[in-house]
Structures are given as structure tokens and as C-alpha cells.
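# Structure for the following, please:
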Amino acid sequence: MLKDIQSQQDFRNITIDKVGIKDILYPITLKDKAKGNQHTVAKINAYVQLPHNFKGTHMSRFVEILNGYRENISISSFKLILDELCEKLNSDEAHIEVYFPYFVEKVSPVSGQISLMDYECGIIGSKSKDKKDFVLSVKVPVLSVCPCSKEISKYGAHNQRSYVKIDIRYCKMVWIEELIEIAERSASAPIYALLKREDEKYITEKSYENPVFVEDIVRNVAEKLIADDRITWFEVSSENQESIHNHSAYAVIMRDKRKGLVNP
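Numbering: from 1, shown residues only. The predicted model follows:
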């Protein structure tokens, strides 16, 4: 029998908070609101807490466990993955982070051209003793037109691409598509992968008629999330990549609706 070095005793009496694998690329299947399922490729991090008396953890077991769930990566399967990580790696705590591009079919507003938009998404889960915690994360590119620039300029207004990031905890199912829609409705206009000239005219005029500061964007999103009883906690931020400044504008709102705290 081959010697198991990782299971040997360590005498330094120091617990390691997180040890495991990072940035493993893996095919996964997700729930898709429109089509049922969506196949994509995720970058996955998985860790456990290593007790002070163990020399090391068994890295291969992380991949073995992930392999058993690759056809069903979701909040439901996350609970099972975390349980299995703790059980097979002899740990009281486990963590998993799955980051992936999620594709949504979008129709341009005038010409009706169909194209795919990709969004940066993530699911982060952790288990500590009998408690489990999950966060769904979505990053949405949008268009924002500056209200101040529109007010003071004679010929137009400067605009920029903005990135709205929404992280939520929830008690009932919330679709990625719903969070994307919230972000897009909170900005001056959505962004599309494919636009014809008539679409460009429409988006340019629509955004000009709906100028928003970075503060407006996060407040607009927060207002919608606060009204949604399924969402128990959220953090929403917007980073506006300024077109006439050498910096980005940034704003963030956090709320734990269970405690009624703003910016805890």
C-alpha cells in the first residue's frame, strides 16, 4: 500500500482556513429560464478548512466530487457538494466558487436581429458546521448618459459603458435573467451584441432621454431588489467607465433585509 503523506500528523498546531483547488476549468449545466438548460464552461475554486493536526488535504478528491455533479450545478447541488467535501476531506468547513459566462438571447429593439449576449456570473457557497450560505452574482454591462453633461452641453452629452454587479441571497428561486433585466432597466439603455443602424438610432435617442448618474443606477436597482420578497440580502454596485475623465465613477448599496440594515 502506498503511504498517505497528507494524513500524517502535523505538530505546528496551526489550522489552515482554506486549502484546495483554484481555477479549474470545468463544463457545467445550468438552469436556463427560456430553454430549460444551458451548457457553459466554469472556472471553479473549492476549499476546505484543514484541521491543525493534518499535514495536508487530498487534492484529487475535490475533482472527484465535482465530477459527480457536473451535469447539475445549482444551489441545490451546491448543498450536496459542500456536504461531500466536508465528509470526504474530514473538515468542518467547505467553500465552493463557480464563475461562468451565461448567455442570453437578445432581440435588437427595431430590426429584430437575434444575437447572444454573455454575462459574467457566479455562485458562491460555503458550509460551516450546520450552516450553509449561498450568494448568486451577476455582472451586467449597460449604457449610461450623464445628466449633468446633458444639462450643460449645447450639442449632446457624454456617455459611457457601465458595469452593474448584483450579489444576492434569496429564499426562493431568482433567475439570472431577472437580475439582468433589473440592471438593464435601471440604466439609460441596455447593451446588445448586434445592432443595425435603425437600432443604433433608437438606443442613442433612448439613452439620451433617460440620463442617469452612477448613484441613480444603484438606487434604481436597490429599489427593485428591496421590493422583491424572495431576496433576503443584496449588494449592488455600478462602475461607470467615464469617457471624458481619467477615472471611473463608482457607487455601492448593501442591505440585509432580514435585519433592516443599510450598509452594515
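
# low-confidence ranges in the stretch 151-264 of the chain?
Of all residues in the stretch 151-264 of the chain, those with pLDDT under 70 make up the ranges 260-264.

# what about the helices in it?
Along the stretch 151-264 of the chain, the segments classed as helices by DSSP state H, counting those that start in this stretch run 176-185, 197-208, 214-226.

# Break down the stretch 1-150 of the chain into its helices, ranges please.
Going by DSSP H, counting those that start in this stretch, the stretch 1-150 of the chain shows helices at 59-67, 75-88, 147-152.

# In TSV, list these along with distance to D228 and mean neighbour count.
Just so you know, the C-beta spots here come from the backbone N, C-alpha and C atoms, and that holds for glycine as well. Output for the helices of the stretch 1-150 of the chain, formatted as TSV (distance: least, Cβ to Cβ, whole Å; neighbours: other Cβ atoms under 10 Å):
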stretch	distance to D228	mean neighbour count
helix 59-67	31	16
helix 75-88	17	17
helix 147-152	27	12
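
# where do the strands sit along the stretch 101-250 of the chain?
For the stretch 101-250 of the chain, applying DSSP state E, counting those that start in this stretch gives strands covering 114-128, 131-145, 159-170, 189-190, 231-241, 248-256.

# and these as TSV, adding mean neighbour count and distance to V218?
Formatted as TSV, the strands of the stretch 101-250 of the chain follow (neighbours: other Cβ atoms under 10 Å; distance: least, Cβ to Cβ, whole Å):
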stretch	mean neighbour count	distance to V218
strand 114-128	17	18
strand 131-145	20	11
strand 159-170	21	8
strand 189-190	22	17
strand 231-241	21	5
strand 248-256	16	5
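
# now the helices of the stretch 1-150 of the chain as TSV including distance to H158?
As requested, those are arranged in TSV below (distance: least, Cβ to Cβ, whole Å):
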stretch	distance to H158
helix 59-67	46
helix 75-88	40
helix 147-152	5
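
# Just send the helices of the stretch 151-264 of the chain back as JSON lines, with mean neighbour count and distance to G112 too.
Shown next, in JSON lines, are the helices of the stretch 151-264 of the chain (neighbours: other Cβ under 10 Å; distance: least, Cβ to Cβ, whole Å):
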{"stretch": "helix 176-185", "mean neighbour count": "20", "distance to G112": "18"}
{"stretch": "helix 197-208", "mean neighbour count": "15", "distance to G112": "9"}
{"stretch": "helix 214-226", "mean neighbour count": "19", "distance to G112": "27"}
